Each structure stands twice: as C-alpha cells, then as structure tokens.
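In: curious how this folds, go ahead:
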Amino acid sequence: MAAHDFRTGMHEYLTKLSYKNASTEDLWASLGVASGKPVDKVMTTWTKKMGYPVLNVSAKQSQEGSSRHITISQTKFCADGCDKPYKDYLWMVPVTIATKNNKSAASIPLETKTSTVTIDNIDPNDWVKVNPGSVGFYRVNYQSDMLAGLLQAVSDGSLDTRDRIQLIDDVLALAQAGVGSTVKVLELLSAYANEKEFTVWETLIGSLGTLNRLLSNTDYHDKFKKFAENIFTNIVKELGWEPRPNEGPLIPMMRSMLLSAYGHYGNSNTISQAKSKFDNHVCDKETCHVDLRSTVFSLAMKHGNEETFDQLCKLHSKSASQEESVRLYRAMGYGQTSPLCKLVKKTRGHVIPLPYRTKSELKIVVHYLPQLLTPARQADNIDFASEERAKEVEEFFTANPAASVERTVKQSCEAIRLHAQWLGRDKEAIKEWLNSKS
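Out: Alright, predicted model coming up:
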C-alpha cells in the first residue's frame with residue numbers, strides 16, 4: 001500500500017467514524033477502499049493467527065524461453081520445527097519477487113497452500129529473490145539450487161543490503177528450526193568475504209557467534225574458528241588499525257567490531273597488535289584510541305593472565321567516566337577462570353548476588369545471570385548444547401533460587417535443549433563440510 005493510499009484511508013476512517021464506536025474491521029474497510037486492495041482479507045489472516053509463515057520456494061524451476069515457473073508453498077514457522085499442530089494455518093501473503101535485472105519481476109497474493117508463479121523476461125542464469133527489500137513479514141526457505149544462485153549476488157554485492165541481511169537471518173533461523181541445513185548457512189556466510197556494509201557485518205558476526213557457541217564443545221571447533229577468521233581477512237586488511245582522515249562515522253565502529261571478532265576467532269597478528277597497544281596504553285607510551293579500547297582491552301585480557309587483570313583494575317581506579325568503567329569491567333569478564341573468580345569476589349553483592357561453591361557452579365552463574373560484566377549472555381547467547389547441561393543449570397538454580405532471573409533461566413534451558421537438538425541433527429554434516437574446507 002502506497003503512503004498516499006494509507007493517508008487517504010486513515011482520513012476516511014477518522015472522518016467517517018468520528019465520535020462513534022469503531023471496530024478493527026472498519027479500519028481495514030477504509031484502507032481497502034482507498035488502496036483498492038483486499039486489506040480486510042489480508043489483515044484478518046495475520047491478526048487472528050499466532051506467528052507467521054515460512055515460504056518454501058521450490059528448486060524445480062521450469063524455464064520456457066524467457067519465462068520461468070516457480071512453485072511457492074506456505075507453512076507456519078516454528079522455532080523448534082514442530083509445525084504439525086498448525087498444518088491448517090493459512091495466511092494471505094502478499095508475495096513480491098525480484099530478479100537480477102528486474103526488482104519488481106512478479107507480485108501475487110498467496111492465498112492457498114501452494115501456488116505457481118510465472119516470471120517473464122528472465123535469463124536462465126539469473127537469480128530470483130523472494131521478498132525483496134524484506135518488507136514482507138515471513139521467512140523464505142530456498143532449496144539448494146536457488147540459494148546457490150543467490151551466493152554470487154551476495155559476493156558481488158548486486159543483492160541489496162537489506163536482502164543480504166535477510167538472507168543470513170532466514171537461512172540461520174531455518175537451520176535452527178530443523179527446516180534447513182547448517183551446511184547451507186556455512187556456504188552462505190562464506191560468500192560475504194567481500195562485504196562492505198556495517199549493518200550486514202553486524203548480522204554476520206551475530207550469526208557466526210551463534211554457530212561458534214553451538215560448536216564450542218565439539219572436536220572440530222578450531223576448524224570452525226579458522227573458517228570464521230578467513231571471512232574477516234579482506235575487510236580487516238582494508239580497514240587496518242589506525243583511523244583515517246575524513247572517514248564516515250560508521251567506519252570506526254566497524255573497525256572496532258571487526259578487529260574484535262577477528263581476534264576472538266584467533267588471528268595471531270590481531271592478538272599481538274592488541275597486546276602491544278594495551279602494553280603501550282598501560283605504560284603511558286601511547287594512549288589507545290577510544291574507539292579501539294574495548295577491542296584492545298578484551299583481547300589483552302582473553303589472552304592475558306592475572307597481571308593483565310590487575311592492570312585493568314588499576315586503569316579502572318583511575319577512570320573518570322562511567323563509559324570507561326563499563327568498558328574495563330566488560331574486558332575483565334573475558335579473563336580465564338582464576339582472574340574471573342577474583343573479579344566476582346571483588347564485586348560480590350553488586351554484580352553476582354548468588355552463592356557459589358565450586359568453579360563449575362560459578363561458570364553457570366556467570367553464564368546465566370543477566371547482571372553480567374561481559375556482553376549480555378541471555379537465552380540466545382549461550383554455549384551449552386546438551387540435555388546434561390540443561391539439567392545442570394536447572395539443578396543449580398533449584399538449589400540456589402533467584403526470583404529475578406527465574407524467567408531467564410527457563411528461557412536459557414529451553415535454548416540449551418533446542419541447541420542440543422540442532423547439534424544432534426547437523427553435527428556430522430558440519431564436521432564433514434569443515435573438514436573439506438581445511
């Protein structure tokens with residue numbers, strides 16, 4: 001619906017029903033009259049059903065001359081993959097389709113479970129993207145050959161920024177739900193090695209982080225870290241460490257974010273540079289640029305020792321700003337067990353109010369309380385992936401109840417079990433794929 005049609009419809013609705021009772025259907029009717037579109041039919045299916053659909057785009061593409069036929073079907077998207085209770089769910093989905101050379105190649109209202117769309121004036125080698133611009137509230141599940149066609153569009157940047165973001169989000173969510181394959185996710189992420197946009201890198205780093213936590217306790221975790229490290233090589237080399245004149249406001253943020261990820265995935269040169277900058281900063285030889293301090297401090301602590309921790313404490317005692325204090329505390333949280341225990345004891349009663357008896361219990365506390373020093377580790381940000389871990393967390397908080405985190409604990413345990421199912425489904429395929437790339 002165009003902005004003008006929306007304004008016209010709202011004016012009609014407010015004028016017609018001023019000082020009168022109104023219903024939701026009255027609003028849909030006014031917007032429908034103004035736009036000439038079946039707003040009431042569309043919105044009724046969306047507002048009276050839970051959730052949203054996933055559109056399965058068939059790989060069986062039939063090319064006839066310059067036309068291509070594509071089959072699209074809809075089902076309810078469920079994060080746990082259990083959609084059987086919702087087989088009868090049906091939305092009226094406004095589907096738009098773009099191709100390499102036509103951003104508005106086709107548009108249909110999907111009212112049935114399955115429909116076939118004909119796209120005219122398309123080359124046999126052109127890619128097809130459903131939901132261009134990410135304006136539709138649904139996920140898209142591309143089968144292998146269609147996704148393969150989009151990888152080149154990602155790599156050469158011909159796919160719009162929002163579409164490159166949506167593609168990552170959809171493919172990862174579908175893999176988590178068991179609808180898609182995690183190998184598809186890995187293949188897709190590897191196509192972003194030449195990416196330039198800050199917002200795309202944010203999404204990419206988040207997705208790599210999800211996979212990193214999923215695989216953190218596997219025997220091929222190091223191979224995954226190397227895979228992730230390689231994705232950052234080109235952009236980190238281009239940005240470097242030092243700020244440049246007249247660079248845009250997003251560049252310093254992107255530099256810090258990418259160097260941090262590059263270092264945390266194990267790039268030895270980045271770690272060495274961070275340690276050197278940290279030593280110079282501590283000794284007052286050269287003050288670390290404020291945009292890089294989070295990266296430098298956290299990498300130095302992660303690969304440091306108790307002396308590094310004590311140096312951060314001294315910097316904290318000299319800190320005159322709340323922002324710097326938070327930055328230092330978060331860096332301390334990257335320490336290994338010994339300095340981290342020291343930190344928890346140092347801040348006891350302010351950061352982590354629960355009792356702990358063993359290091360394993362302390363680790364659980366550090367992972368699951370929301371009042372943490374490291375960046376928030378909530379239900380979607382955990383590295384446990386087994387039923388045993390879920391039970392361990394439940395037993396700990398049963399013995400050490402804390403009302404303020406009760407909901408977070410339940411969400412975390414649910415996420416652990418979903419991760420366990422995910423890893424159980426795909427671990428062998430992931431291992432085989434990573435082995436083939438190493």
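In: CA atoms for contacts and neighbours, from now on please.
Out: OK.
In: pLDDT below threshold where in the protein?
Out: Within the chain, the stretches with pLDDT under 70 are 59-62, 336-383.
In: now with 80?
Out: Across the chain, the ranges flagged by pLDDT under 80 are 59-65, 83-84, 333, 335-384, 393, 396-397, 399-406, 408-409, 438.
In: can you give me the strands in it?
Out: Using DSSP state E, the strands found in the chain span residues 53-57, 62-64, 67-76, 93-99, 102-110, 114-119, 128-130, 139-142.
In: would you turn the ones you listed into CSV with distance to residue 265?
Out: Output for these, formatted as CSV (distance: least, CA to CA, whole Å):
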stretch, distance to residue 265
strand 53-57, 33
strand 62-64, 43
strand 67-76, 36
strand 93-99, 36
strand 102-110, 37
strand 114-119, 43
strand 128-130, 32
strand 139-142, 29
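In: switch these over to JSON lines; also include mean neighbour count and distance to residue 331.
Out: Converted to JSON lines, the strands of the chain look like this (neighbours: other CA atoms under 10 Å; distance: least, CA to CA, whole Å):
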{"stretch": "strand 53-57", "mean neighbour count": "21", "distance to residue 331": "40"}
{"stretch": "strand 62-64", "mean neighbour count": "14", "distance to residue 331": "55"}
{"stretch": "strand 67-76", "mean neighbour count": "19", "distance to residue 331": "42"}
{"stretch": "strand 93-99", "mean neighbour count": "20", "distance to residue 331": "45"}
{"stretch": "strand 102-110", "mean neighbour count": "15", "distance to residue 331": "45"}
{"stretch": "strand 114-119", "mean neighbour count": "16", "distance to residue 331": "52"}
{"stretch": "strand 128-130", "mean neighbour count": "23", "distance to residue 331": "41"}
{"stretch": "strand 139-142", "mean neighbour count": "24", "distance to residue 331": "36"}
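In: what's the separation between residue 83 and residue 142?
Out: Residue 83 sits 18 Å away from residue 142, going by CA to CA, to the nearest Å.
In: burial check on the residue nearest to residue 12 when sequence neighbours are not counted, number of neighbours?
Out: Spatially, and ignoring its direct neighbours in sequence, residue 12 is nearest to residue 30 (6.2 Å; CA to CA, 6 or more residues apart in numbering). Neighbour count of residue 30, defined by other CA atoms under 10 Å: 23.
In: quick one, what contacts residue 30?
Out: The contact partners of residue 30, by CA atoms under 8 Å, 6 or more residues apart in numbering, come to 9, 10, 12, 13.
In: so who does residue 438 touch?
Out: Taking CA under 8 Å, 6+ apart as the test, what residue 438 contacts is residue 223.
In: ok, it to residue 11 distance?
Out: Relative to residue 11, residue 438 is positioned 62 Å away (CA to CA).
In: now do residue 66
Out: When residue 66 is compared with residue 11 (using CA to CA), they lie 44 Å apart.
In: who's more crowded, those two?
Out: Shown here are residue 66 and residue 11; by other CA under 10 Å, residue 11 has more neighbours (14 against 11).
In: distance of the more buried one from residue 18?
Out: Distance of residue 11 to residue 18, computed by CA to CA: 10 Å.
In: same question for residue 95.
Out: Taken as CA to CA, the span from residue 95 to residue 18 is 34 Å.
In: also residue 65?
Out: Residue 65 sits 56 Å away from residue 18, going by CA to CA.
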